[in-house]
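[1] Let me see the structure of the following:
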Amino acid sequence: MSDINDLMQEWINLAPVWIKEVREGKNSVRKGLLDPVMLDACGNVEGLSILDCGCGEGRFCRMLVERGAKYVLGLDLCKRMIEAAQELQSGRDEYRVHDVQDLGFIEDETFDIVVSYLNQCDLPDFKANNKEVFRVLKRGGKFIIANLHPMRSAIGSWYRNDKGEKLHVILDNYFDESERHWKMLGVEFTNFHRTLSTYLNNFIETGFIVKKIIEPTVTADKLKEYPDLDDELRVPNFIVYVLEKP
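    Numbers count the residues shown, from 1 in each chain. Down below sits the predicted model:
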């Protein structure tokens, strides 16, 4: 397994290109596919306190503030990401360099909503994050997790013919729960693959109620705006879990 310092270095390398992409690029996967699903799952956030686990440069935190959240705390282990988030913070959002696998500085039942937007697949110990989120959520609070779909995080590459046309996605080594190494924006980084049952069973064992599971696909209007999302009509690249603390 990769050393924590190696994982940190990957995100240090990714930070400048990621910040540029988020603030200047098209960012079609988030804007065209996942944002509408995540915002709908959050619902009306006016007056609520929200925690964003793995907030990156704060983009989704700012969106929640714009929609009336009373307070949004964004946590990320990458110092450069947090510095970038702090550059644009408005006063109702706060950002800290912190490990979301240990939220010991937060009191029990503090937040109305906790968000994990493509973060649990980066965590060596997602179960620790679940346990801590359950503790800091208020009763009746929601934990909304967007993740790589386990079908895609297993292997996930396309099988192509001689002309380079995509025939189907390769699914292999699904039950091998281990690291996967990819490239994003030209930077090598590590994800952690787990099966669907591993995720769901731990959510339940932690005490969450699974309220909804969403496998996002692209809508016709978004496909016109973001034609590069055409793969989303063929395979489930992502999955969103909507959990509730009883």
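[2] If you count neighbours, what's buried in the helix ranked longest in the chain?
    In the chain, taking DSSP state H as the definition, the longest helix is helix 4-24. For helix 4-24, the buried set under the neighbour-count rule, 16 or more other CB atoms under 10 Å, comprises 7, 10-11, 13-15, 18-19, 21-22. Glycine gets a C-beta too; all of them are placed from N, C-alpha and C.
[3] Which pLDDT value goes with residue 213?
    We have a pLDDT of 98 for residue 213.
[4] residues touching the residue nearest in space to the middle of the chain, list them.
    The chain has residue 118 as the residue nearest its centroid, 1.6 Å off, counting by CA atoms, centre = their mean. Under the criterion of CB atoms under 8 Å, 6 or more residues apart in numbering, the contact list for residue 118 reads 34, 54, 146-148, 238.
[5] cool, residue 100 as well?
    By CB under 8 Å, 6+ apart, the contact list for residue 100 reads 53-54, 75, 77, 116, 119, 123, 129, 132.
[6] what about 6 Å?
    Listed by CB atoms under 6 Å, 6 or more residues apart in numbering, the contact set of residue 100 reads 53, 75, 129.
[7] if I pick the second one, what's in contact with it?
    Read that as residue 75. Listed by CB under 6 Å, 6+ apart, the contact partners of residue 75 are 53, 96, 98, 100.
[8] can you give me phi and psi for the first one?
    The phi/psi pair for residue 53 (degrees, to the nearest 10) reads phi -90, psi 120.
[9] Quick check: pLDDT value at it.
    As predicted, residue 53 sits at a pLDDT of 98.
[10] Start the count at 296 instead of 1 going forward.
    Got it, the first residue is 296 from now on, which makes the last one we talked about residue 348.
[11] Please tell me how far it sits from residue 452.
    Taking CB to CB, to the nearest Å as the measure, residue 348 falls 28 Å from residue 452.
[12] In terms of packing, which of the two has more residues around it?
    Between residue 348 and residue 452, counted using other CB atoms under 10 Å, residue 348 has the larger neighbour count: 25 against 11.
[13] Pretty sure that one sits against residue 411.
    Yes - here residue 348 reaches residue 411: they are 4.6 Å apart, a contact under CB atoms under 6 Å.
[14] returning to that earlier point: which one of the contacts of residue 413 is nearest to residue 358?
    residue 329 (11.6 Å; CB to CB).
[15] residue contacts, the closest one?
    Taking CB under 6 Å, 6+ apart, we find residue 329 in contact with residue 441.
[16] Now it: phi and psi?
    Dihedral pair for residue 329: phi -90, psi -30, per degrees, to the nearest 10.
[17] ok, so what distance separates it from residue 512?
    In terms of CB to CB, residue 329 sits 11 Å off from residue 512.
[18] quick one, helices of this protein?
    Remark: helices assigned in the chain by DSSP H are 299-319, 323, 330-337, 354-361, 374-382, 421-431, 445-449, 491-501, 515-520.
[19] between these, which gets the lowest average pLDDT?
    When I compare the helices of the chain, helix 299-319 is least confident, with a mean of 89.
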